[in-house]
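>>> the sequence and its predicted three-dimensional model are supplied below.
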Number of protein chains: 2
Amino acid sequence: MEPVKVGLLGLGTVGSGTVRVLKRNSDEITRRAGRGIELVAAAARNLDSLGDLDVSGMRLTEEALEVVDDPEVQVIVELIGGTTLARELVLRAIDQGKHVVTANKALIALHGNEIFSRAQERGVMVAFEAAVAGGIPIIKAIREGLTGNRIEWLAGIINGTGNFILTEMRDKGREFADVLAEAQRLGYAEADPTFDVEGVDAAHKLTILASIAFGIPLQFDRVYTEGISGISRDDVVYANELGYRIKHLGIARRANGGIELRVHPTLIPERRLIANVDGVLNAVLVWGDAVGPTLYYGPGAGSEPTASAVVADLVDVVRALTTDPENRVPHLAFQADALSDVSILSMDDVQTAFYLRLRVLDRPGVMADITRILADLDISIEAIMQKEPDEDTQEADVIMLTHQVREGNLNQAIGRIESLDSVITPVTRIRLENLK
Amino acid sequence: MEPVKVGLLGLGTVGSGTVRVLKRNSDEITRRAGRGIELVAAAARNLDSLGDLDVSGMRLTEEALEVVDDPEVQVIVELIGGTTLARELVLRAIDQGKHVVTANKALIALHGNEIFSRAQERGVMVAFEAAVAGGIPIIKAIREGLTGNRIEWLAGIINGTGNFILTEMRDKGREFADVLAEAQRLGYAEADPTFDVEGVDAAHKLTILASIAFGIPLQFDRVYTEGISGISRDDVVYANELGYRIKHLGIARRANGGIELRVHPTLIPERRLIANVDGVLNAVLVWGDAVGPTLYYGPGAGSEPTASAVVADLVDVVRALTTDPENRVPHLAFQADALSDVSILSMDDVQTAFYLRLRVLDRPGVMADITRILADLDISIEAIMQKEPDEDTQEADVIMLTHQVREGNLNQAIGRIESLDSVITPVTRIRLENLK
């Protein structure tokens, strides 16, 4: 089947990430979507600044309109940002019967009602997963994963720059202005940081989340918005002393008489999982009456994380265009005739680090024997902890953490260690994963 | 439009939850799905033990086959568990052209390849979100939300009973057998706890997650499975001393030469978010090459949390049956003509708790004045912390946490407090949310 032809508006951070992800993962994406996704045209503000981005096969222009009007293009991906030109281009694409994928939170928060109603008239799709919380599929989770629930409230860390600043203030005891300046140097914060630190960006996202959670029209102008520039180092310290963290949250909640829509710094108990979401990461906590609390966590911005959401939307569009409704999403995510026969490894060949606990007689040479066995099998030790020996028995616990090792080797080593006279009980071994 | 007619197999924990959620939230569900969902028939092992469950409008039987064969039923929800009768009933439903929703992880892990291939031949849907991690929409996240990624690995706490036991061992210093006995008393663990504590249940779920992440057939018999019954209190303590938590993880990972599929106790650094997922809760961490790490957290079992996933699957089926592919999921989650005009509250009417910081002159009567103002406006205080006064200026910081208060009242109080002579700087106020 012919690939679906896509035109890209914008080759900046997210646009170039989208090109890279679509090219690098085209095989997996096609196996999932049931059909290829081909970038045939792209518009960039300045074609001289594309660096080494692989734009092969794409007609390039500095005129976004040319891409929208390109008769070959079936789907427009809008990544130019802003709300004036972007609105015009998106509406024009819709009017031409083209589907639209956008990462533009301001556009959806301010003009979504108009755009969606036009799209519905024309029978085209408008997808916007990337507009909220970057690579976290939070729109899909709420719009499709929690449909059985009456959603009571949601609260999100939905601006990575603000969260980075608050995390640094807490961890390093620094003042707001100082950290902001660094964030700007690192490229996390724009030269004009107002949208991030005064909460406007979070308010755009909250507008969208509240609509899909409660089934209300988009109402950006009704969001109460307070930034983090008034938070002092003292407040962060005092909050910690009281057992709280300060986070910049977007909160939407059903209350008596209406819905609360608010973005502001918030103390939350430090034992909550969301209180421990640090740095530039995002998380959204959603409370449904049936499911209770669910939380979605991940990178809320950045080139490829945002592209991840853009491409997921493209796959959604392609699946809808391509397959019967009954087969839209393959049972095992990939098309049934595109499953892979890669083999499952035997545990002997799996590599992990290990925690080992041994009970030994506290006499000279024991540790030397053990470490010699480990060294002979290429097992290196990350940490050793020997507990005080028991006064009566002169037995002591030895705990070791190894570096990564082939499990087959470790099992051999344990066999030899257990045969030592000075090792009393079987060795306890628990695998250790860093998960990063 | 006529509602979609559903037949339910099983009215136990999840089945009764499904009935309650569908009835309680039928208005919201219909607004989302674009069409009603009607339970017309149900089978239970023992019709005398339904208690006060509202089964109005449903034909009841103790013969599951009657529901499958009921000509009015378009969708079968299989919640009886097990793999023999459940397999027969599901295949029979498929053969009759009926769509299937199931929460049965063992059935999918062991017989999914056969069931999916039969479903594809017959052009019917088989949905199984509830089979993994209960109410967390993890199947949807991986199968639809991360489709742009090459998934490198995933690691999940996917058995709540095991996680409850490990959490209790750590928090209370108790031994495995002791906590297991309590979990059985509390109803978290079955009388035969093997499936939970020896990792079989987690291996079923991991089988499913690995398939949808990597695009491989279901291969339950290739999962390495090790339980938590060998973990001692000492190991939990030693791991903590080294900066780790012990979790029972299911891990699937691409490695050189194949895929690792393993369920076993695992040390993970305590600063990882997933290390802080405690009690009966579940979480799955997925690493995609574009998005990086994303984490999905929530209740992995229980009546209504699991029903939440069952109903989400039903809404997916109904949307696919009902709407054009282009309009399958409404932009704002609810049908465009079913949005609600509920109003957004003004901030004055929002109720939250507050953190207040004031700088006061350290002289008699100051605290009395302040607390009097708060009391007059119905603001009660949860905690007060007064810092040592500065030796030169005799100024001191006072920090207060209030209970929930109407924001309008708080603003009035702050106005009055700031007009006191002994209060030197404007009052800093930060909202406080418990988020539970």
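Yes, it's here.
>>> drop to CA atoms for contacts and neighbour counts, all remaining ones
OK.
>>> identify each buried residue in stretch A:133-152, please.
A:133-152 (16 or more other CA atoms under 10 Å in any protein chain shown).
>>> name whatever forms a beta bridge with the spatially most central residue of chain A.
Nearest to the geometric centre of chain A sits A:Gly298, at 2.8 Å (CA atoms, centre = their mean). Note on A:Gly298: beta-bridge partners by DSSP bridges are A:Asn282.
>>> for it, report the pLDDT, please.
For A:Gly298, the pLDDT comes out at 98.
>>> domain-wise, how is chain A divided?
Domain assignment for chain A by automatic domain parsing gives A:4-134+A:304-338, A:138-299, A:347-432.
>>> looking at the ones you listed, spot the one closest to B:Leu107.
Comparison of these against B:Leu107 by CA to CA identifies domain A:4-134+A:304-338 as nearest, at 14.0 Å.
>>> what about the strands in the stretch 301-436 of chain A?
Taking DSSP state E, counting those that start in this stretch as the criterion, the stretch 301-436 of chain A carries its strands at A:351-361, A:381-386, A:395-402, A:405-406, A:428-432.
>>> how about the residues of the stretch 101-250 of chain A near chain B?
Residues of the stretch 101-250 of chain A lying close to chain B by CA under 8 Å from any CA of the partner chain are A:116, A:120, A:123-127, A:135-137, A:140-150, A:155, A:211-217, A:222, A:224, A:235, A:238.
>>> against B:Asp278, how distant is A:Gly160?
Between A:Gly160 and B:Asp278 the computed distance is 26 Å (CA to CA, to the nearest Å).
>>> who has more neighbours, these two?
Set A:Gly160 next to B:Asp278 and count neighbours by other CA atoms under 10 Å in any protein chain shown: A:Gly160 wins out with 27 against 20.
>>> so the more buried one sits against A:Val277, correct?
No: look at A:Gly160 against A:Val277 with CA atoms under 8 Å: they stay out of range, at 10.2 Å.
>>> low-confidence stretches in the stretch 251-400 of chain A?
The stretch 251-400 of chain A contains no residues with pLDDT under 70.
>>> please repeat the previous calculation with a cut-off of 90.
Applying pLDDT under 90 to the stretch 251-400 of chain A picks out residues A:257, A:322-328, A:336, A:363-364, A:387-388, A:390-391.
>>> now the helices for it?
Assignment of helices within the stretch 251-400 of chain A using DSSP state H, counting those that start in this stretch yields the ranges A:303-322, A:366-376.
>>> show me the one of the domains of chain A that comes nearest B:Leu79.
That would be domain A:138-299 among those, by CA to CA, at 16.7 Å.
>>> from one end of the closest one to the other, what's the distance?
From its first residue to its last, domain A:138-299 covers 12 Å (CA to CA).
>>> now it, how far from the chain's geometric center?
Averaged C-alpha coordinates place domain A:138-299 at 15 Å from its chain's average position (CA atoms, centre = their mean, to the nearest Å).
>>> and the helices in the stretch 101-250 of chain A?
Counting by DSSP H, counting those that start in this stretch, the stretch 101-250 of chain A has helices at residues A:105-122, A:138-140, A:160-172, A:176-186, A:194-197, A:200-214, A:233-241.
>>> so which of the helices of the stretch 251-400 of chain A is nearest B:Val366?
Among those, helix A:303-322 comes nearest to B:Val366, with 52.4 Å by CA to CA.
>>> quickly check: that closest one near chain B or not.
Yes: counting by CA under 8 Å from any CA, contacts between helix A:303-322 and chain B involve A:304-309, A:311-313, A:315-316, A:320-321.
>>> these, buried ones only, as a ChimeraX selection?
A single ChimeraX command selects the buried members of the residues of helix A:303-322 next to chain B (16+ other CA under 10 Å):
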select /A:304,305,306,307,308,309,311,312,313,315,316,320,321
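>>> nearest to B:Pro293, of the residues of helix A:303-322 next to chain B?
Closest approach between the residues of helix A:303-322 next to chain B and B:Pro293, by CA to CA: A:Pro305, at 9.3 Å.
>>> still on that earlier bit, could you dump the strands of the stretch 301-436 of chain A to TSV with distance to chain B?
TSV is the format used below for these (distance: least, CA to the nearest CA, whole Å):
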stretch	distance to chain B
strand A:351-361	8
strand A:381-386	9
strand A:395-402	8
strand A:405-406	12
strand A:428-432	4
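>>> in CSV, list the ones you listed along with mean neighbour count.
Formatted as CSV, these follow (neighbours: other CA atoms under 10 Å in any protein chain shown):
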stretch, mean neighbour count
strand A:351-361, 21
strand A:381-386, 14
strand A:395-402, 20
strand A:405-406, 18
strand A:428-432, 21
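>>> so which of these is nearest A:Ala44?
When the strands of the stretch 301-436 of chain A are compared by CA to CA, strand A:351-361 sits nearest A:Ala44, at 45.0 Å.
>>> ok, the residue of chain A positioned farthest from its centre - contacts?
Distance from the centre of chain A peaks at A:Asp392, with 54.2 Å (CA atoms, centre = their mean). With contact set as CA atoms under 8 Å, 6 or more residues apart in numbering or on different chains, A:Asp392 has no partners.
>>> ignoring the adjacent residues along the chain, who's closest to the closest residue to chain B within the stretch 151-300 of chain A?
At 3.8 Å from chain B, A:Val291 is the closest residue in the stretch 151-300 of chain A, using CA to the nearest CA. Spatial nearest neighbour of A:Val291, excluding adjacent residues (CA to CA, 6 or more residues apart in numbering or on different chains): B:Pro305 at 3.8 Å.
>>> the one you found and B:Ala86: what is the separation?
With distances taken as CA to CA, B:Pro305 is found 22 Å from B:Ala86.
>>> next one: A:Met367
Between A:Met367 and B:Ala86 the distance is 55 Å, computed by CA to CA.
>>> just want to know which of these two has more residues nearby.
Neighbours per residue, other CA under 10 Å: of A:Met367 and B:Ala86, the larger number sits with B:Ala86, 20 against 15.
>>> for A:Tyr244, name its beta-bridge partners.
Applying DSSP bridges to A:Tyr244 gives these bridge partners: A:Pro269.
>>> contacts only, for A:Pro217.
Per CA under 8 Å, 6+ apart, neighbours of A:Pro217: A:Asn113, A:Ser211, B:Leu332, B:Leu339, B:Ser340, B:Asp341.
>>> so what's the residue count around the closest residue to A:Tyr296 other than its chain neighbours?
The shortest distance from A:Tyr296 to any non-neighbouring residue, by CA to CA, 6+ apart, is to B:Tyr296 (4.9 Å). When counting by other CA under 10 Å, one arrives at 26 neighbours for B:Tyr296.
>>> so B:Tyr296 makes contact with B:Trp287?
No: between B:Tyr296 and B:Trp287 there is no contact under CA under 8 Å: 11.6 Å.
>>> who's in contact with the residue nearest to A:Leu281 when sequence neighbours are not counted?
Closest residue in space to A:Leu281, ignoring its immediate chain neighbours: A:Pro299 at 4.8 Å, by CA to CA, 6+ apart. Applying CA under 8 Å, 6+ apart to A:Pro299 gives the contacts A:Ala133, A:Gly134, A:Gly135, A:Ile136, A:Val280, A:Leu281, A:Asn282, A:Pro305, B:Val291, B:Gly292, B:Pro293, B:Thr294.
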